[in-house]
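J.: Sequence below, structure please.
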Amino acid sequence: MSEFTKILKVSPLGDGKNWVLLEEFKFYDDKVKGNPNEYYWVEVVPKFMTDFASVPPIFRSLVSKWGKHGNATVLHDYLYWTQQCTRNEADKIFKEAMEVFGVHPLKKWIIYLAVSWFGCFAWKGNIRLRERGFNRVAARFPEKATDTPESLQA
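T.: Model (predicted):
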């Protein structure tokens, strides 16, 4: 059975949009990439910066940036950043992670279909960000409430 191994510990950043992980956060999957005898581990590292669900404002009445799907969105953001698996696998792991938290089936499918259809923009955007030298894993932990993702790069 797929499972998260720890609670999510984050702190908001000064830009009002992003959060930084304070401790590692692990998930193992036994359906998408692994099998019941060999789990696929995802370890989201400390200092990873996430915006939770990247939901356009017009759709936030249907799906909020945070909710039961919150932990799964951090995992999905990390998989899209590291690209340690295919985009299709990342989306399926995301769906599996939402199931672990008991996200309502209809909401789970709406979110899953949205990332399946439109996730290519975030996937490609992360490639461009890395090419420009940006890293979603901060160089240091924030020290001030006004620290932003950009200020944590060095």
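J.: Just checking, which helix or strand of the chain averages the lowest pLDDT?
T.: strand 3-4 (a mean of 84; mean pLDDT, DSSP states H and E).
J.: Pairing partners for that one, with directions?
T.: strand 25-29 (antiparallel) (DSSP bridges).
J.: what about residue 45, how many neighbours?
T.: Look at residue 45: counted by other CB atoms under 10 Å, it has 14 neighbours. Placement of C-beta: from N, CA and C, glycine included.
J.: any idea how far residue 24 is from it?
T.: 6 Å (CB to CB, to the nearest Å).
J.: just residue 153 next, same as before
T.: In terms of CB to CB, residue 153 sits 21 Å off from residue 24.
J.: again with residue 134
T.: With CB to CB as the criterion, residue 134 and residue 24 are 21 Å apart.
J.: same deal with residue 119?
T.: In terms of CB to CB, residue 119 sits 24 Å off from residue 24.
J.: Could you list the low-confidence segments of the protein?
T.: Residue ranges of the chain with pLDDT under 70: 1, 33-38, 55-65.
J.: which residues of it fall in helices?
T.: Applying DSSP state H to the chain gives helices spanning 70-82, 87-100, 105-131.
J.: Nearest to residue 30, out of those helices?
T.: Taking CB to CB as the criterion, helix 87-100 is the member of these that comes nearest to residue 30, at 8.6 Å.
J.: Show me what counts as buried in the closest one.
T.: 87, 90, 91, 92, 93, 94, 95, 96, 97, 98, 100 (16 or more other CB atoms under 10 Å).
J.: before we move on, what about stretch 127-144?
T.: 135, 136, 137, 138, 142.
J.: pull the CA atoms of that stretch into CSV?
T.: Extracted C-alpha coordinates of stretch 127-144, given in CSV (Å, rounded to 0.1, in the frame of the first residue of the first chain):
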residue,chain,number,x,y,z
ILE,A,127,13.4,22.8,-17.5
ARG,A,128,13.8,26.5,-18.5
LEU,A,129,14.1,27.6,-14.8
ARG,A,130,17.0,25.1,-14.3
GLU,A,131,18.7,26.2,-17.5
ARG,A,132,18.6,29.8,-16.1
GLY,A,133,20.2,28.6,-12.9
PHE,A,134,17.2,28.7,-10.6
ASN,A,135,16.9,25.9,-8.1
ARG,A,136,13.6,25.0,-6.2
VAL,A,137,15.8,23.5,-3.5
ALA,A,138,17.0,26.6,-1.7
ALA,A,139,20.7,27.1,-1.0
ARG,A,140,19.8,27.8,2.7
PHE,A,141,16.8,27.9,5.0
PRO,A,142,15.0,31.2,5.3
GLU,A,143,16.1,33.4,8.2
LYS,A,144,13.6,36.2,7.8
